[in-house]
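> Output the structure for:
(chains A and B)
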Number of protein chains: 2
Amino acid sequence: MEIATTVAEARGFIRSWRSHDLAIGLVPTMGYLHEGHASLIQKAREECDRVVVSVFVNPTQFAPNEDLAKYPRDFAKDVKLCESLGVGLIFHPSPEEMYPPGYATYVEDPKLSENLCGRSRPTHFRGVLTVVLKLFLILEPTRAYFGLKDAQQFFILKRMVTDLNLDIALVPGPTVRELNGLALSSRNSYLSEEEKKAALSLNQALTLAKSLLRSGERQTATLIAAMKGAVAAEPLVKLDYAEIVETTGLSLIPEVTGEALVALAAYVGKTRLIDNFLWEGEDKV
Amino acid sequence: MEIATTVAEARGFIRSWRSHDLAIGLVPTMGYLHEGHASLIQKAREECDRVVVSVFVNPTQFAPNEDLAKYPRDFAKDVKLCESLGVGLIFHPSPEEMYPPGYATYVEDPKLSENLCGRSRPTHFRGVLTVVLKLFLILEPTRAYFGLKDAQQFFILKRMVTDLNLDIALVPGPTVRELNGLALSSRNSYLSEEEKKAALSLNQALTLAKSLLRSGERQTATLIAAMKGAVAAEPLVKLDYAEIVETTGLSLIPEVTGEALVALAAYVGKTRLIDNFLWEGEDKV
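Numbers count the residues shown, from 1 in each chain, chains lettered A, B, ... in the order given. Predicted coordinates for the structure are as follows:
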């Protein structure tokens, strides 16, 4: 397994693989890898000739008041996991390598960033789009893998790939959960035992909404009120948002008539967590 | 010479050329080609194996109150000129091909768009960056050619190429002028004979600033006042801006100490024209 810390080094490996017509699978991550990342890497390993994992805690997707400095990092452990999963290259650049002095270009999608996490994190998706586009242009993947735990991110990136005529297949991976239902997240490492228990209310709220949908409820106001109630029952959890949007423009909808994204974010103590499910219609879920 | 109107068609030609390791030169234009475009095409012809000219009046770089609808077009004439200059491919997409329904992704550079034309045209460079990035990703040029008449555009695009890790060489071409000094522009076709004479005051103002710089003047306030005076002498011309910026971040400077861009924009009747010169220091100009 190779490790590149500069764009030039990474390009060396990529160009040589591409010149042999090898299919490259990219799994972009912020490191501190968990089973969710591992499942994406395994999928990439099955579908591509070479797998590249980027490990980069991207400063432009954090607001000044957010957890950039304390975001968990363990590169040595990430390297071991990648090695064991048959990764071909880890791209692990410094912030200065990705954003040298004078850096000034950003990609944005104001429409799809309007609701859900975009409302409470107004510069977040600009940072995500910018860094992912850079990773795409540096690492020239055939396919790129993203977890659906970050569902809004996946839809916005899909829009970018279409809009900018990028010849890359985006592959979604399902949210990986603990047995108790908690969605895996590097940020779970911030939680105390008590907070971990409290955090289960996020998935419980979503499960409640899903069962209401299955029983025929279609009014989003009713579904959202039920989710809010489920989260409010847990004193350690403070809801950021619970929203339901259609999956083309991520606009809020009054009624669920087709595919919809049911998503929420909440602070568990000081830690902000997100979770969601995709409602694909009665027959498919 | 080939003409492609869809992304898929254009990609067919490009991919075949690239598979033969041919160097591709791209000249992005809004059509209604003049000698300025021709000089870029000739340069591309000398330096590359295949030349691609894009002809696309890009709606996203026009504000609602601007001249998108009446912007001059003569595709048949453009085709003849390109044919005569040895162009290999014209890419001439429809607005819907470039911006299909639901389009939502934009590239921006708020810093370098702050001054000069960015101030009076706040969404202009967002449109330019977005369309040029799309053209780069569709047409995969080795080198891309841009005229220095649009100097701010050139600096912003150069920033984008660096920032987004695009492996493309940007090649500037000098402003082409009529014998009387008027910078060539497709928008000159809007001017009456009287307005054409009045428009000479733009270049005259710049020539005055250049001679003051040559004689040792370095205070931008003095240089700008001189330019404003020269333009004010012409009643048909209304200055939009006269500014002097350094060429890294395009920030306004109080004094010219190194390379500087001296630029102005003015309305001649209802037509907005721009002109500029690059001051590279006493010895080089």
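
> Chain B contacts on the stretch 1-150 of chain A?
Within reach of chain B by C-beta under 8 Å from any C-beta of the partner chain, the stretch 1-150 of chain A has these residues: A:7, A:11, A:100, A:102-112, A:129, A:133-134, A:137-138. Where you see a C-beta, it was placed from the backbone N, CA and C, and this is true even at glycine.

> Out of the residues you listed, which sit inside strands?
With DSSP state E as the criterion, strands contain A:Tyr106, A:Val107, A:Glu108 from among the residues of the stretch 1-150 of chain A next to chain B.

> pLDDT value on the nearest residue to A:Ser251 once chain neighbours are set aside, please?
Nearest non-adjacent residue to A:Ser251, counting by C-beta to C-beta, 6 or more residues apart in numbering or on different chains: A:Val245, 5.9 Å away. Looking at A:Val245, its pLDDT is 98.

> would you say A:Val245 is within a helix?
No. Under the criterion used here (DSSP: H, G, I helix; E, B strand; the rest coil), A:Val245 is strand, not part of a helix.

> wait, it sits on A:Cys117?
No. Taking contacts as C-beta atoms under 8 Å, A:Val245 lies outside contact range of A:Cys117: 11.3 Å.

> mind listing what the residue nearest the centre of chain A touches?
Residue closest to the average C-alpha location in chain A (C-alpha atoms, centre = their mean): A:Asp150, at 3.3 Å. When contacts are counted by C-beta atoms under 8 Å, 6 or more residues apart in numbering or on different chains, A:Asp150 touches A:Ile274.

> I'd like to know which elements the helix or strand harbouring A:Arg119 is packed against.
Element membership for A:Arg119, per DSSP states H and E: helix A:117-120. Secondary-structure packing of helix A:117-120 (3 or more C-beta pairs under 8 Å, 6 or more residues apart in numbering or on different chains; DSSP states H and E): helix A:124-139, strand A:237-246, strand A:260-268.

> mind listing what's buried in that helix?
For helix A:117-120, the neighbour count (16 or more other C-beta atoms under 10 Å in any protein chain shown) marks A:Cys117, A:Gly118 as buried.

> could you give me the average pLDDT of that helix?
So the average pLDDT for helix A:117-120 ends up being 96.

> Tell me how far the residue nearest to the centre of chain A lies from chain B.
Taking C-beta to the nearest C-beta, to the nearest Å as the measure, A:Asp150 falls 17 Å from chain B.

> my read: A:Ser120 touches A:Ala265, true?
Yes. The criterion here is C-beta under 8 Å, and A:Ser120 meets it with A:Ala265 at 6.8 Å.

> Report the set of residues contacting both of the two.
Residues touching both A:Ser120 and A:Ala265 (C-beta under 8 Å, 6+ apart) are A:Asp240, A:Tyr241.

> Give me the contact list for the strand or helix carrying A:Leu40.
According to DSSP H and E, A:Leu40 maps onto helix A:35-47. Outside helix A:35-47, the residues that touch it by C-beta under 8 Å, 6+ apart are A:23, A:25-27, A:29, A:51, A:53, A:81-82, A:85-87, A:143, A:145-147, A:149, A:171, A:173-176, A:184-185.

> picking up where we left off before, from B:Val245, how far off is the residue nearest to the centre of chain A?
Going from A:Asp150 to B:Val245 by C-beta to C-beta, to the nearest Å gives 39 Å.

> So which of the contacts of helix A:35-47 are in strands?
Going by DSSP E, the strands hold A:Gly25, A:Leu26, A:Val27, A:Thr29, A:Val51, A:Val53, A:Arg143, A:Tyr145, A:Phe146, A:Gly147, A:Val171, A:Gly173 from the contacts of helix A:35-47.

> Any chance of those in TSV with pLDDT as columns?
Output for the ones in strands among the contacts of helix A:35-47, formatted as TSV (pLDDT from 0 to 100):
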residue	pLDDT
A:Gly25	98
A:Leu26	99
A:Val27	98
A:Thr29	98
A:Val51	98
A:Val53	98
A:Arg143	98
A:Tyr145	98
A:Phe146	98
A:Gly147	98
A:Val171	98
A:Gly173	98
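
> From the residues you listed, list the buried ones, please.
A:Gly25, A:Leu26, A:Val27, A:Thr29, A:Val51, A:Val53, A:Arg143, A:Tyr145, A:Phe146, A:Gly147, A:Val171, A:Gly173.

> residues in contact with the fifth one?
Put plainly, it is A:Val51. A:Val51 makes contact with A:Ile24, A:Gly25, A:Leu26, A:Val27, A:Ile41, A:Ala44, A:Arg45, A:Leu85, A:Gly86, A:Val87, A:Gly88, A:Leu89, according to C-beta under 8 Å, 6+ apart.

> Among those residues, which pair sits farthest apart?
Using C-beta to C-beta, the pair of these lying farthest apart is A:Ile24 and A:Leu85, separated by 15.5 Å.
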